[in-house]
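[1] Quick check, what structure comes out for this input:
(one chain, ligands or ions: 1)
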Amino acid sequence: MHIRVINPNTSVAMTRSIGTAARDAVSPSSRVSAAHPTMGPASIESHYEEALAVPGLLEQISVGEREGVDAFVIACFGDPGLDAARELATVPVVGIAEAAFHAAAFVARRFGVVTTLRRTTGRARELVDRYGFGSACTVIRACEIPVLALDDPASSARRAVADECRLVLDSGAEAIVLGCAGMADLCHELTVELGVPVVDGVRAGAAFAESLARLGLSSGARGEYAAPPEKDFSGLLSGFSLAGPSA
Ligand code: 2AL
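    Okay, the predicted model is just below:
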């Protein structure tokens with residue numbers, strides 16, 4: 001089984017740590033490869049960046065399809081481009097926010113989310129509601145650490161995330177969802193420190209993607225996730241024109 005984890009931002013260091021976390025979660029016989037787009041923002045913490053990350057992400061879905069990967073994980077907590085990726089891919093595609101919410105709901109009645117900047121909490125709330133976890137999610141808190149600073153050992157990031165996790169537990173949550181792929185390497189130590197389930201969506205996403213591939217479940221060729229229709233794209237996006245299913 002070959003699982004391709006796509007970091008939708010262009011940070012090489014973050015792509016590497018995402019790959020390491022995903023490898024942690026799949027069976028030893030599976031292969032995990034990590035990729036990032038060749039164009040787009042260095043990190044995603046605004047709607048503008050999220051929108052502009054999607055073309056490069058979809059290009060990586062096409063690359064992975066040509067290479068015959070068995071499942072994809074979109075490793076950014078806004079689940080950018082998830083529906084479009086499912087239209088393009090013939091294999092399962094899992095977003096880390098949806099994976100994390102599902103995993104948290106398996107082990108706790110109520111959970112809370114700790115994300116990066118406050119401006120990303122609206123998107124997280126939208127996804128919680130979209131995936132049907134509105135009543136299970138007690139609170140979404142922000143540590144106000146930018147995505148790329150999470151990786152900086154000199155920053156106070158680890159402490160700030162742990163402090164927010166404690167406040168999430170005070171809200172009545174029984175599990176924590178880490179709201180950024182850049183928090184993947186904090187998962188183990190926070191689990192030990194807090195003594196509650198701490199869910200990293202990268203690991204959950206990789207494990208679910210592997211399971212779906214093993215079960216032979218993908219989005220299917222009919223209905224809303226059918227391949228997009230043949231159409232011309234112009235300008236900077238001309239490379240995204242599709243030949244269509246019958247070509
Ligand atoms: C993220 C994430 O997971 N990757 C990224 O670039 N931004 N999420 C977030 N809440 O800031």
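
[2] List the buried residues for the top helix by length along the chain?
    Longest helix of the chain, by residue count under DSSP state H: helix 47-67. By 16 or more other Cβ atoms under 10 Å, the buried positions in helix 47-67 come out as 49-50, 52-61, 64. In short, each C-beta sits where N, CA and C put it, glycine included.

[3] Quote the end-to-end distance of stretch 151-163.
    Taking Cα to Cα, to the nearest Å, stretch 151-163 runs 17 Å from one end to the other.

[4] Number of residues surrounding the closest residue to Thr191 other than its chain neighbours?
    Counting by Cβ to Cβ, 6 or more residues apart in numbering, Val198 is the residue found nearest to Thr191 once chain neighbours are left out, at 4.5 Å. Per other Cβ atoms under 10 Å, the neighbour tally for Val198 reads 23.

[5] residues contacting Val198?
    By Cβ atoms under 8 Å, 6 or more residues apart in numbering, the contact set of Val198 is 165, 175-176, 178, 187, 190-191.

[6] Show me which of these are buried.
    Looks like these have 165, 175-176, 178, 187, 190 buried, using 16+ other Cβ under 10 Å.

[7] In strands only, show me these.
    Within the buried ones among the contacts of Val198, residues falling in strands by DSSP state E are 175-176, 178.

[8] could these go into TSV alongside distance to Ile18 and pLDDT?
    Output for those, formatted as TSV (distance: Cβ to Cβ, whole Å; pLDDT from 0 to 100):
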residue	distance to Ile18	pLDDT
Ala175	21	98
Ile176	19	98
Leu178	12	98
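
[9] C-alpha coordinates for the helix or strand that comes right after the longest helix of the chain, PDB please?
    Past helix 47-67, further along toward the C-terminus, the next helix or strand under DSSP states H and E is strand 71-74. Coordinates of each C-alpha in strand 71-74 appear next as PDB, following Å, rounded to 0.1, in the frame of the first residue of the first chain:
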ATOM      1  CA  ALA A  71      -4.500   6.800  -1.200                       C
ATOM      2  CA  PHE A  72      -3.900  10.500  -0.500                       C
ATOM      3  CA  VAL A  73      -3.900  12.500   2.700                       C
ATOM      4  CA  ILE A  74      -4.300  16.300   2.500                       C
END
